[in-house]
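**Student:** can you look at this prediction? I've put the sequence above it.
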Amino acid sequence: MTAGIPSRENPVTHVADLPGRAAGHAEWPSWADPAVVAALRDCGVAAPWAHQAEAASHAYEGRHVVVSTGTASGKSLAYQLPVLSRLAAGEKANALYLSPTKALGADQLRSVSSLDVPGVRAASFDGDTPMAERDWVRAHANWVFTNPDMLHRGILSAHGRWASFFRRLSCVVVDECHSYRGVFGSHVALLLRRLRRVAEHYGASPVFVLASATTASPASFASRLTGVPCVAVTEDASPRGARTVALWEPPLLEELTGENGAPVRRSAGAETSRILADLVLEGARSLAFIRSRRGAELAALGARRILSEVDPALAETVAAYRSGYLPEERRALEAALLSGRLLGVATTNALELGVDIAGLDAVVLAGYPGTLASFWQQAGRAGRSGDSALVVFVARDDPLDTYLVHHPAALLERPVETAVLDPANPYVLAPQLACAVAELPLTLSELEVFGGAAALEVLAELAEQKLLRRRSSGWYWTSRDRPHAEVGIRGTGGEQIAVVEADSGRMLGTVDPGSACFAVHPGAVYLHQGSSYVVDELDLETGLALVHAENPDWTTTPREIVDISVLSTQEKQDFGGVSVCLGEVAVTSQVVGYLRRRPSGEVLDHTPLDLPEQSLRTRAVWYTVSAELLGGTAVDGVAGTGGHRVGTESAGPVGTGEETPASGRGPAREGGRTPGGAGLVPARVPGALHAAEHAAIGLLPLFATCDRWDIGGVSTAWHDDTGEATVFVHDGHPGGAGFAERGYAAIVPWLAATREAIVSCECPTGCPSCVQSPKCGNGNDPLDKAGAVAVLETVLGALRQHGS
Ligand SMILES: Nc1ncnc2c1ncn2[C@@H]1O[C@H](COP(=O)(O)OP(=O)(O)OP(=O)(O)O)[C@@H](O)[C@H]1O
């Protein structure tokens, strides 16, 4: 694949071989119903793998269980076997299946229905279920397939109509549970507590069976999500082929420059097209994962173009795949890939969940998918028993990807992260408690389930707002209306902004009010199910964004200015001239314009916008650096205040915080400063802090399960509230989603990785791979790459020197 590339431009930064594994079989459990066993045998499952039998037995015997094993390790069987066995035996043992997406729910329903086990009446209940069918489902189905949204709005809100279903509820399946993270995860955690409460009201006490991609500490995550203690099954006994993983960094382009004249790398998408074409030429069945829908379409087109020059027939073996396809189209695509009629498919993460595609010859990942769990989920599609397979990770032009291709251990040897969620977030707890009280009056003894003291506080506020009333027996809902419709569980509340196609009046989707100015500002390119629209008008008063269909060959990036103030400091540690804090902040932001960029990264122009200021109360982690340390005039003599070392959480190779000596291409040091100080003249401080902030935002997703877009930051050479130079990194959601806490707990490894990412980048003065941010309000100006390294070394030096 690297043939023809001069060796000095070799894009491959690392190659690793991952060994294969033989299957570990178990006997069918003695309790398994013969009809179910026969149906599964007919589908090619001769015997269960050991982890399937173990998890299924836990569930059958009434123990809450999470099965957390690799891609295509047959997690479905772990819950199908116990649920189907009880139903086949004629027990009144209803089951509820929850999946994060409708498509996955539909796939699982189809898989269960195709087994055709007698006594099973499986049906879906989601937004697509026709009204006429809903009564039937409520009255007769004994296995209902739905999603958290429908459970919240359509089932729990009207639980009286589901009374007979709840009375018999014996099992709740939570599929792909690792996707319940951040604000959405916090909502789902409380939703599952509401579900348990309602089930108990009808006398049922269902067992929870969770399926998850490989994650760290699955038992504690599952327990946190469900509120009940769960056992974990993690030993994967499914067979797996050997794989070779190659890390690939696209070269810098000589002919193009980006913002402020910074160098630009060849885009990960364009590079992926070429790799995909090469793989197809080799006859390898391959899947390429690309982050955006448009990117997936472009990568497929690019590969087809390259192949058509060799042989037009080969171009026909490459296709794009995106979400929004009908189930039949998905099935056809799976079959075409399996049969070899299609050799290359470029897709968004729509193919990550709920597709039965495994054993491919190669997988290409264009850009880090955001979490290690997703990385392995995608990479896991490659690898047939007996044959070796290839995984290529292509870095995008951003600090996290740069870091990963230069620090393979951070990608390949680290335990997969635990999903972060925070059910105590008052912005999530308040609407959820309102729903809970409206469903059934809440008694004092139930308070613990919803977070104890935190819940008490929120209930008092709701009572003050006259939404509910406190009596001696508990809390009661006062209104005739249910609060459910007002509560969006995928965001943090407020009236959603409707995105409407002006010509047809068709509603395409909704956007959280907090992100409307960002996502659907006038001129923004808005993608919906693979089609592209341009926003003509955003009316925040009426909650409407009007768009028209258009497919421009540029993307838009909003620019905003942000201000931050500290409301309260919850944790503070001093490290002699450096302090690290965690607390509550108010962030005001205003989208002031947007950039238009070509897919290559080239900036076309900047258009100013006049939009109102938004404010956000959330949580942040921040560090301050004294003027002395920044200037480097006094270091060793600075009085230490006996601070503690933070970052006790080990993060494997990253967590060691060890630094490699600054390479020749790293930043130059200024002479004449005291060791340990940054040695920066005052004029360089703003650019140094700004660059350090951007890179830190880029790297936090390595430690907290979040996306760069879930968090924001502010840096300043003087902040009124701290009285010093300060770098803030804050959660992007009201009340926070737990990301700032993660940054605080992992401050040393996080900042060490940030420094490493900057030093690893070969550009001279800063580029998108290290310190430029795609959403910077100041057009990435000023940025001082060498200064950022000096600041980070100073901060890390102080943390280590004064840590206990
Ligand atoms: N014991 C078994 N023996 C042989 N094949 C099996 C066995 N168990 C499951 N399979 C097959 O393995 C494939 C993957 O199963 P399944 O979709 O349940 O995996 P999964 O772990 O849920 O996948 P994903 O990681 O995509 O969520 C299916 O085609 C299934 O029929």
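**Tutor:** Received the coordinates, thanks.
**Student:** check contacts around the nearest residue to residue 609 once chain neighbours are set aside.
**Tutor:** Excluding the flanking residues, the one nearest residue 609 by CB to CB, 6 or more residues apart in numbering is residue 593, at 5.1 Å. All C-beta atoms are positioned from the backbone trio N, CA, C, and that covers glycine. Counting by CB atoms under 8 Å, 6 or more residues apart in numbering, residue 593 makes contact with 558, 559, 606, 607, 608, 609.
**Student:** which of the residues you listed count as buried?
**Tutor:** Burial by neighbour count, 16 or more other CB atoms under 10 Å: within these this picks out 558, 559, 609.
**Student:** the second one sits in which helix or strand?
**Tutor:** When secondary structure is defined by DSSP states H and E, residue 559 falls within strand 555-574.
**Student:** what's that strand packed up against?
**Tutor:** Contacts defined by 3 or more CB pairs under 8 Å, 6 or more residues apart in numbering; DSSP states H and E place strand 555-574 against helix 516-519, strand 578-597, strand 614-625, strand 711-719.
**Student:** thinking again about what came up before, which of the buried ones among the contacts of residue 593 sits closest to the ligand?
**Tutor:** Using CB to the nearest ligand atom, residue 558 comes nearest to the ligand of these, at 34.6 Å.
**Student:** show the pLDDT at the closest one.
**Tutor:** Here the pLDDT value assigned to residue 558 is 86.
**Student:** contacting residues for it?
**Tutor:** Contact partners of residue 558, counting by CB under 8 Å, 6+ apart, are 517, 518, 521, 524, 591, 593, 594, 775.
**Student:** any idea how far it lies from residue 526?
**Tutor:** Distance, residue 558 to residue 526, by CB to CB, to the nearest Å: 12 Å.
**Student:** give me the neighbour count for the residue nearest to residue 583 when sequence neighbours are not counted.
**Tutor:** Among residues not flanking residue 583 along the chain, residue 569 sits closest, at 4.1 Å (CB to CB, 6+ apart). Using other CB atoms under 10 Å, the number of residues around residue 569 comes to 15.
**Student:** which residues of the stretch 401-550 of the chain fall in helices?
**Tutor:** Here the stretch 401-550 of the chain has its helices, by DSSP state H, counting those that start in this stretch, at 408-412, 426-439, 453-464, 516-519.
**Student:** the third one packs against which elements?
**Tutor:** This points to helix 453-464. When contacts are defined as 3+ CB pairs under 8 Å, 6+ apart, helix 453-464 sits against helix 426-439, strand 468-471, strand 474-477.
**Student:** touching, residue 427 and residue 737? I think so.
**Tutor:** No: between residue 427 and residue 737 there is no contact under CB atoms under 8 Å: 9.5 Å.
**Student:** residue 95: what's it in contact with?
**Tutor:** When contacts are counted by CB under 8 Å, 6+ apart, residue 95 touches 79, 83, 87, 142, 143, 144, 169, 170, 171, 172, 173.
**Student:** next: residue 556.
**Tutor:** By CB under 8 Å, 6+ apart, the contact list for residue 556 reads 523, 524, 525, 594, 595, 596, 597.
**Student:** how about the helices of the stretch 401-550 of the chain, which one is nearest the ligand?
**Tutor:** Across the helices of the stretch 401-550 of the chain, closest to the ligand is helix 408-412 (CB to the nearest ligand atom), at 19.1 Å.
**Student:** and the closest one, what does it pack onto?
**Tutor:** strand 12-18, strand 243-248, helix 399-406, helix 652-655.
**Student:** out of the ones you listed, which comes closest to the ligand?
**Tutor:** strand 243-248 (15.4 Å).
**Student:** strands paired with the closest one, and their directions?
**Tutor:** strand 12-18 (antiparallel), strand 389-394 (parallel) (DSSP bridges).
**Student:** could I get it in CSV with only the CA atoms?
**Tutor:** Extracted C-alpha coordinates of strand 243-248, given in CSV (Å, rounded to 0.1, in the frame of the first residue of the first chain):
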residue,chain,number,x,y,z
ARG,A,243,-5.0,-8.8,12.6
THR,A,244,-2.2,-6.3,11.7
VAL,A,245,-2.9,-2.7,12.7
ALA,A,246,-1.1,0.1,10.8
LEU,A,247,-1.1,3.7,12.0
TRP,A,248,-0.9,6.2,9.2
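**Student:** list the contacts of the spatially closest residue to residue 483 that is not a sequence neighbour.
**Tutor:** Take residue 483 and drop its neighbours on the chain: the residue closest to it by CB to CB, 6+ apart is residue 434, 4.4 Å away. Residue 434 makes contacts with 462, 467, 468, 477, 483, 487, as judged by CB under 8 Å, 6+ apart.
**Student:** would you mind putting the CA coordinates of the top helix by length along the chain into CSV?
**Tutor:** Scanning the chain for the helix with the most residues, using DSSP state H, yields helix 182-201. C-alpha atoms of helix 182-201 as CSV (Å, rounded to 0.1, in the frame of the first residue of the first chain):
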residue,chain,number,x,y,z
GLY,A,182,-22.7,12.1,28.9
VAL,A,183,-26.0,13.9,29.2
PHE,A,184,-27.9,11.3,27.3
GLY,A,185,-26.4,8.6,29.5
SER,A,186,-27.4,10.5,32.6
HIS,A,187,-31.0,10.7,31.4
VAL,A,188,-31.1,7.0,30.5
ALA,A,189,-29.7,6.1,34.0
LEU,A,190,-32.6,8.0,35.6
LEU,A,191,-35.1,6.6,33.1
LEU,A,192,-34.1,3.1,34.0
ARG,A,193,-34.7,4.0,37.7
ARG,A,194,-38.1,5.2,36.7
LEU,A,195,-38.7,2.0,34.8
ARG,A,196,-37.8,-0.1,37.9
ARG,A,197,-40.1,1.9,40.1
VAL,A,198,-43.1,1.6,37.8
ALA,A,199,-42.4,-2.1,37.4
GLU,A,200,-42.3,-2.5,41.1
HIS,A,201,-45.6,-0.7,41.4
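**Student:** and the angle for that helix with helix 453-464?
**Tutor:** Orientation of helix 182-201 against helix 453-464 (axes from the mean of the first three to the mean of the last three CA atoms, to 10 degrees) gives an angle of 80 degrees.
**Student:** same question for the next helix or strand after helix 182-201, mean pLDDT?
**Tutor:** Note on helix 182-201: by DSSP H and E, the next helix or strand toward the C-terminus is strand 207-212. Averaging pLDDT along strand 207-212 gives 96.
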